[in-house]
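[1] Fold the stuff below for me.
(chains A and B, ligands or ions: 2)
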Amino acid sequence: MSADHMERLRREGRIVIVGASLAGLRAAETLRAEGFAGDLTLIGDEPHEPYDRPPLSKSALLGMASPLRTELPRRREIDAKWRLGVAATGLDLAAKRVRLADGDEVEYDRLLIATGVRARPWFKEEEARLDGVCVLRTRQDAADLTRRLRAGPRRVFVVGAGFAGSEVASACREMGLQVSMAERAGAPLVGALGGVVGAVAADLATEHGVDLRTHVTVTALEGDPAGRVRAVHLSDESVVEADVVVVSLGSLRNTEWLAGSGLGAGPRGVACDAGCRAFDFRGIVTDDVFVAGDVARSPHALFGYQFLSLEHWGNAVAQAETAAHNMICDGADRRPHLWMPAFWSSMFGVNIKSVGVPPMGEQLMITQGSLAERRFVGVYGHQGRVVAAVTFDNARWLEFYQRQIERGAPFPVEFPTLDRRPEGRQPVPAGFPDPSLPTHGPMVTLSGYSPADQQLVFHPARH
Amino acid sequence: MRLVVDLNKCQGYAQCAFLAPDVFAMHGEESLLYDARPEEEQRERVARAVAACPVQAITADGLDRAGESQGASDVR
Ligand SMILES: Cc1cc2nc3c(=O)[nH]c(=O)nc-3n(C[C@H](O)[C@H](O)[C@H](O)COP(=O)(O)OP(=O)(O)OC[C@H]3O[C@@H](n4cnc5c(N)ncnc54)[C@H](O)[C@@H]3O)c2cc1C
Ligand code: SF4
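    Ligands and ions are numbered 1, 2, ... in the order given. Down below sits the predicted model:
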């Protein structure tokens, strides 16, 4: 593209962002911050201004914040046209037009797709409609769940012990509620952190009074004649009475609206290059359609160019900023999305943080502290190098490990560490389930062919 | 006033919980809970917390009297 053309785009072009949440808002702010002066339209199917989700399973359930009041602060004025409460229903790539549910069409010069994910509903529709069966993704979900928990149910049943499910179970215990949690794997958090760390999460949950049931699946939800849920049936033939059921089985990517558009979009998200440009279904990169946030799937140089889907808050922010930058720049000025994956969670009073891609690691070394004390640093290794680290109540060390990952430091870990215990001298298998077995959307999905397994030196993007 | 804490950055130093205890609270040893939409009367305390956070993890808007947007803490 000629410099002239780019100048015109920046001055009077039309940019449309579909999905008005974390990624959409941060992208809009970045566009303005970088001098985009044209027309900016944000389209969002939720009728609210962008709000933050992580507090919905933490502060909001614990009464520290209102579930309906977690709107995101603005970094700057964005002077945008907001189309809230209306979904995008189609995309015409050739005509560069987005179709809306109300029949309107919006034309763009550049499009950003930031439609995120939604909660995977309970798979039997009729049972999912029972009163008391909940999911947790939106602020309405959170308001509904909070109201039900405040009403003092006799027992809450959480289906699926990932981060979200475990956080809900933790909040229930803190509210003094009886809670059961079922998980198909052998422990909570296994998909994200592996079986060794999962076992610590299992102990935490049980010690805090959660009735944890592992190696089981929920087979049916039973309702009473009035249409309220009253019991949960499990694959081991046990039946647990419960009046609130929280279905926490991961998420589905919001890509249906792109069906037939010609974009490479589907159940695994929208694939894009490291510059956040979407691929079409032929695998050819587009130059005017960009993707960011939970819905995106992009290759990461540090992790063997595997395509990563990261349902992480920090990823949505960083990818939105990179996408926005690249939308209004030419070739050499563009930059790759090389964000170091990172997330946090907190449950049962323990702060859990991670950097890198734990599910990529076959082996784990506890380099500081000890599993039994629930205060430790675990380092994950893949083919002789450090690829991830997790901390339980030891967050201050994480930055150091992030640098080891960036350097491609060797694994097993050779450097000496503070508070190293005998259990941390040898790596152990990290205990991830066989990736070919079905799972309900772990937080990180690895896929794709890895052309470069040699050690590589990684220089994080300096913005 | 709207606020958000980047909990990837937050190190649990608890300065914010000390300066604005009705808005920020430690939960366990290093997890932070906060009210994303504090009362107006908390404004000054929140502003102090934003300024005191050693890793600039807190982003808030509406910290000035007029309540208009600003990204005071948003140093990247
Ligand atoms: C309860 C909960 C707790 C969480 N806790 C953590 C945590 O502790 N740490 C962490 O790192 N991450 C956490 N996350 C994840 C984090 O919130 C997400 O990574 C983040 O919200 C992603 O932002 P996004 O903008 O990409 O997508 P989303 O926030 O999903 O936003 C997408 C938006 O697009 C809208 N949309 C979808 N389809 C259409 C359409 N066709 N037309 C118009 N609009 C559409 C959606 O309704 C939504 O508003 C949590 C999420 C939840 C739900
Ligand atoms: S002052 Fe900053 S680092 Fe410390 S707890 Fe508060 S937000 Fe976290």
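[2] any idea how far A:Val247 is from A:Leu212?
    Computed as CB to CB, to the nearest Å, the A:Val247 to A:Leu212 distance reads 17 Å. (Glycine included, C-beta is placed from N, CA and C.)
[3] which helix of chain A spans the most residues?
    helix A:190-207 (DSSP state H).
[4] Just the CA trace of that helix, in CSV.
    In CSV, the C-alpha atoms belonging to helix A:190-207 read as follows (Å, rounded to 0.1, in the frame of the first residue of the first chain):
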residue,chain,number,x,y,z
VAL,A,190,-5.5,-30.4,35.1
GLY,A,191,-6.0,-29.1,31.6
ALA,A,192,-4.3,-25.8,32.4
LEU,A,193,-1.6,-26.9,34.9
GLY,A,194,-1.3,-30.7,34.8
GLY,A,195,-1.9,-33.4,37.3
VAL,A,196,0.8,-32.6,39.8
VAL,A,197,-0.3,-29.0,40.4
GLY,A,198,-3.9,-30.2,40.0
ALA,A,199,-3.5,-32.4,43.0
VAL,A,200,-2.6,-29.4,45.1
ALA,A,201,-5.8,-27.7,43.9
ALA,A,202,-7.7,-30.8,44.8
ASP,A,203,-6.3,-30.8,48.4
LEU,A,204,-7.1,-27.1,48.7
ALA,A,205,-10.7,-27.6,47.6
THR,A,206,-11.3,-30.6,49.9
GLU,A,207,-9.7,-29.0,52.9
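[5] And that helix, what does it pack against?
    helix A:163-174, strand A:211-214, strand A:342-347, strand A:350-356, strand A:363-370, strand A:375-382, strand A:385-392 (3 or more CB pairs under 8 Å, 6 or more residues apart in numbering or on different chains; DSSP states H and E).
[6] Between the ones you listed, which one is closest to B:Asn8.
    Taking CB to CB, strand A:342-347 is the member of these nearest to B:Asn8, at 4.7 Å.
[7] quick one: contacts for B:His27?
    A:62, A:346, A:349, B:33 (CB atoms under 8 Å, 6 or more residues apart in numbering or on different chains).
[8] how does it look with 10 Å?
    Counting by CB atoms under 10 Å, 6 or more residues apart in numbering or on different chains, B:His27 makes contact with A:58-59, A:62, A:64, A:170, A:174, A:346-351, B:12, B:17, B:33-34.
[9] of all these, which comes closest to B:Val5?
    B:Tyr34 (5.7 Å).
[10] Wait, that closest one touches B:Arg2, no?
    No: using CB atoms under 10 Å, B:Tyr34 is not in contact with B:Arg2, being 11.5 Å away.
[11] The two: which has the busier surroundings?
    B:Tyr34 (26 against 20; other CB atoms under 10 Å in any protein chain shown).
[12] ok so, going back, export the helices and strands packed on helix A:190-207 as JSON lines, with columns for mean neighbour count.
    Below are the helices and strands packed on helix A:190-207 laid out as JSON lines (neighbours: other CB atoms under 10 Å in any protein chain shown):
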{"stretch": "helix A:163-174", "mean neighbour count": "25"}
{"stretch": "strand A:211-214", "mean neighbour count": "19"}
{"stretch": "strand A:342-347", "mean neighbour count": "24"}
{"stretch": "strand A:350-356", "mean neighbour count": "25"}
{"stretch": "strand A:363-370", "mean neighbour count": "23"}
{"stretch": "strand A:375-382", "mean neighbour count": "25"}
{"stretch": "strand A:385-392", "mean neighbour count": "26"}
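[13] Throw those into TSV and include mean pLDDT and distance to ligand 2, thanks.
    Output for the helices and strands packed on helix A:190-207, formatted as TSV (pLDDT from 0 to 100; distance: least, CB to the nearest ligand atom, whole Å):
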stretch	mean pLDDT	distance to ligand 2
helix A:163-174	97	19
strand A:211-214	98	30
strand A:342-347	95	11
strand A:350-356	97	10
strand A:363-370	95	20
strand A:375-382	96	18
strand A:385-392	96	15
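[14] correct me, but A:Leu145 touches A:Ala164?
    No: look at A:Leu145 against A:Ala164 with CB under 10 Å: they stay out of range, at 11.1 Å.
[15] Quick check: neighbours shared by those two?
    A:56-57, A:135-136, A:246.
[16] Looking at these, which are in strands?
    Counting by DSSP state E, the part of the shared contacts of A:Leu145 and A:Ala164 found in strands is A:Val246.
[17] overlap between the shared contacts of A:Leu145 and A:Ala164 and the residues near ligand 1?
    A:56-57, A:136 (CB under 6 Å from any ligand atom).
[18] Top of those residues by number of neighbours, please.
    Most crowded among those, counting by other CB under 10 Å, is A:Ser57 at 28 neighbours.
[19] A:Val158 is in contact with that one, correct?
    No: using CB under 10 Å as the test, A:Ser57 is too far from A:Val158 to be in contact (11.0 Å).
[20] Can you check which residues contact both of those two?
    With CB under 10 Å, 6+ apart as the test, A:Ser57 and A:Val158 both reach A:136, A:164-168, A:170, A:246, A:248.
[21] Quick check: bridge partners of the nearest residue to A:Cys172 once chain neighbours are set aside?
    Distances taken as CB to CB, 6 or more residues apart in numbering or on different chains place A:Val179 nearest to A:Cys172, at 4.1 Å, with adjacent residues excluded. Following DSSP bridges, A:Val179 is listed with bridge partners A:Val156.
[22] Pick out the residue of chain A closest to ligand 2.
    Residue of chain A nearest ligand 2, by CB to the nearest ligand atom: A:Ala395 (9.4 Å).
[23] neighbours of that residue, just the number please.
    That count, for A:Ala395 with other CB under 10 Å as the rule, works out to 21.
[24] got it, and A:Arg282?
    Look at A:Arg282: counted by other CB under 10 Å, it has 8 neighbours.
[25] Likewise for A:Thr217?
    The number of residues packed near A:Thr217 is 13, by other CB under 10 Å.
[26] Please list the residues of chain B that sit near ligand 2.
    So chain B meets ligand 2 at B:5, B:10-16, B:24, B:32, B:53, B:55, B:57-58 (CB under 6 Å from any ligand atom).
[27] Is any residue of stretch A:2-21 near chain B?
    No: applying CB under 10 Å from any CB of the partner chain, one finds stretch A:2-21 separated from chain B by no less than 12.6 Å.
[28] do that stretch and ligand 1 meet?
    Yes: for stretch A:2-21 and ligand 1, the contact criterion (CB under 6 Å from any ligand atom) is met by A:18-21.
[29] Give me the buried subset of these.
    Burial by neighbour count, 16 or more other CB atoms under 10 Å in any protein chain shown: within the residues of stretch A:2-21 next to ligand 1 this picks out A:18-21.
[30] my guess is A:Val98 meets A:Glu107, correct?
    Yes: at 8.0 Å, A:Val98 counts as touching A:Glu107 under the criterion of CB under 10 Å.
[31] Identify the contacts common to those two.
    Residues touching both A:Val98 and A:Glu107 (CB under 10 Å, 6+ apart): A:16, A:41, A:92.
[32] can you tell me which of those residues are in strands?
    Using DSSP E, A:16, A:41, A:92 are the members of the shared contacts of A:Val98 and A:Glu107 that sit in strands.
[33] Poorly predicted segments of chain B, please.
    Residues of chain B meeting the criterion pLDDT under 70: B:65-76.
[34] One more pass at 50, please.
    B:66-76 (pLDDT under 50).
[35] related to what we said a few turns ago, which among the ones next to ligand 1 among the shared contacts of A:Leu145 and A:Ala164 are in contact with ligand 2?
    Among these, not one lies near ligand 2 by CB under 6 Å from any ligand atom.
[36] give the contact list for B:Glu29.
    By CB under 10 Å, 6+ apart, B:Glu29 lies in contact with A:349-351, A:375, A:393-395, B:12, B:14.
[37] just A:Gly356 next, same as before
    A:302-303, A:340-342, A:379-380, A:382, A:386-390, A:398, A:401-402, A:404-406, A:444.
[38] what bridges to it?
    With DSSP bridges as the rule, A:Gly356 is bridged to A:Ala388.
[39] mind checking how far it is from ligand 1?
    As defined by CB to the nearest ligand atom, to the nearest Å, A:Gly356 lies at a distance of 14 Å from ligand 1.
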